[in-house]
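Trainee: Predicted model and sequence below, questions to follow.
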Amino acid sequence: MKKSLLILLIGFISSFQLQAQRGLKIGYVDMDYILDNVPEYKQASQQLSGRVQQWKAEIESKMQKVKDMKQNLENERPLLTKELIEEREEEIKYEEDQIVKYQQDKFGPQGAFITQKRQLIQPVQDQVFNAVQEIGQTREYDFIYENSADALMLFSAKRHDISDQILAKITRSSRKLEREEQTENKEGEDENAAPEEYKSVIQAKEDKIEEQQREEKRQAIEDKRENEMNERQRVRDSIREAKRLEYEQRRQKMLEERQQRRDSIEKARNAERNNN
């Protein structure tokens with residue numbers, strides 16, 4: 001046990017001495033500098049700045065409206081009743097409260113400005129973090145700080161500033177991603193670039209679709225033919241039934257006329273017998 005502790009202690013001392021001999025390798029990142037050189041961030045930041053100016057203009061407009069309301073009240077106060085004055089003051093108070101609420105919604109701790117700015121910076125911060133991890137490991141840095149109030153450094157040599165390296169890393173990644181997207185789009189548009197196996201699969205699907213379309217067309221023709229035959233049969237049956245009814249009516253009429261003649265003859269004979 002003591003022997004193991006001694007070996008560990010010796011290893012730790014040796015590692016510390018080796019580290020002290022080669023010196024610490026420290027880098028820092030200037031986040032403001034990186035943000036200023038990322039086109040996506042600059043574009044989104046300009047959009048956010050435009051929204052901020054619009055919000056400020058709306059606040060100023062609302063404040064001017066309240067100011068005018070107060071001035072009008074002072075001018076008309078001698079002519080107003082107590083109830084009307086109180087009503088106007090309540091209206092002014094309501095408008096002032098709405099201005100405060102609007103300011104909090106836009107510029108408060110949880111307002112739209114802070115939220116949108118956080119959403120704007122977060123993707124760039126993620127890229128920086130990933131690039132820092134890769135550079136820190138591959139180039140054997142001991143420490144990399146962010147040169148800001150959150151990680152204050154009283155002195156930093158320019159040779160330790162790796163912000164340009166981080167920015168170049170992000171730029172290369174963006175260009176690589178853009179090239180990959182362009183390649184994918186080109187492969188999707190150019191059928192000649194597709195592998196033969198892929199072409200055969202596509203051709204098989206197209207043949208299957210064409211066969212299905214032919215089968216559907218053939219089935220539609222057969223259905224139409226069957227419907228036409230059924231319609232013709234229905235018409236024939238209707239005509240046959242009409243003729244049958246007409247025949248039955250004529251036959252019934254003939255039977256009735258025959259019976260009437262028989263009855264007349266029988267009546268005449270009976271009358272003749274009675275006369276004799």
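Mentor: Here it is on my side, so go on. Residues are numbered from 1 along each chain as shown.
Trainee: Am I right that Lys56 falls within a helix?
Mentor: Yes: under DSSP: H, G, I helix; E, B strand; the rest coil, Lys56 falls within a helix.
Trainee: From Phe107, how far out is it?
Mentor: 9 Å (Cβ to Cβ, to the nearest Å). Any C-beta I mention is one placed from the backbone N, CA and C, and that applies to glycine too.
Trainee: now do Lys217
Mentor: Applying Cβ to Cβ to Lys217 and Phe107 gives a distance of 67 Å.
Trainee: The two: which has the busier surroundings?
Mentor: Phe107 (15 against 10; other Cβ atoms under 10 Å).
Trainee: Grab the nearest non-local neighbour of the more buried one.
Mentor: The shortest distance from Phe107 to any non-neighbouring residue, by Cβ to Cβ, 6 or more residues apart in numbering, is to Phe113 (5.3 Å).
Trainee: what's the helix or strand for the one you found?
Mentor: Here Phe113 sits within helix 112-138, counting by DSSP states H and E.
Trainee: Helix or strand next in line after that helix, which one?
Mentor: strand 143-146.
Trainee: center of the protein - which residue?
Mentor: Nearest residue to the geometric centre of the chain (Cα atoms, centre = their mean): Gln119, 17.5 Å.
Trainee: tilt between the helix or strand hosting Ser61 and helix 112-138?
Mentor: Using DSSP H and E, Ser61 maps to helix 39-76. On the basis of axes from the mean of the first three to the mean of the last three Cα atoms, to 10 degrees, helix 39-76 is oriented at 160 degrees to helix 112-138.
Trainee: tell me the mean pLDDT for helix 39-76?
Mentor: Regarding helix 39-76, the rounded mean pLDDT is 90.
Trainee: Would you mark the buried spots in that helix?
Mentor: Tyr41, Ala44, Ser45, Leu48, Val52, Trp55, Lys62, Val66, Met69, Leu73 (16 or more other Cβ atoms under 10 Å).
Trainee: list the contacts for Lys25?
Mentor: Arg139, Glu140, Tyr141, Asp142, Phe143 (Cβ atoms under 8 Å, 6 or more residues apart in numbering).
Trainee: Let's have those residues in a markdown table, adding pLDDT, neighbour count and distance to Thr81.
Mentor: Listed next are the contacts of Lys25 as a markdown table, based on pLDDT from 0 to 100; neighbours: other Cβ atoms under 10 Å; distance: Cβ to Cβ, whole Å:
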| residue | pLDDT | neighbour count | distance to Thr81 |
| --- | --- | --- | --- |
| Arg139 | 83 | 12 | 80 |
| Glu140 | 82 | 9 | 83 |
| Tyr141 | 83 | 16 | 77 |
| Asp142 | 83 | 12 | 79 |
| Phe143 | 82 | 12 | 74 |
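Trainee: So which of these is the closest to Arg88?
Mentor: Phe143 (64.1 Å; Cβ to Cβ).
Trainee: My read is that that closest one contacts Val29, right?
Mentor: No: checked against Cβ atoms under 8 Å, the pair Phe143 and Val29 is beyond contact range at 11.3 Å.
Trainee: packing partners for the helix or strand where Met254 lies?
Mentor: Of the helices and strands defined by DSSP H and E, Met254 is found in helix 196-275. When contacts are defined as 3 or more Cβ pairs under 8 Å, 6 or more residues apart in numbering; DSSP states H and E, helix 196-275 packs onto no helix or strand at all.
Trainee: Much appreciated, bye for now.
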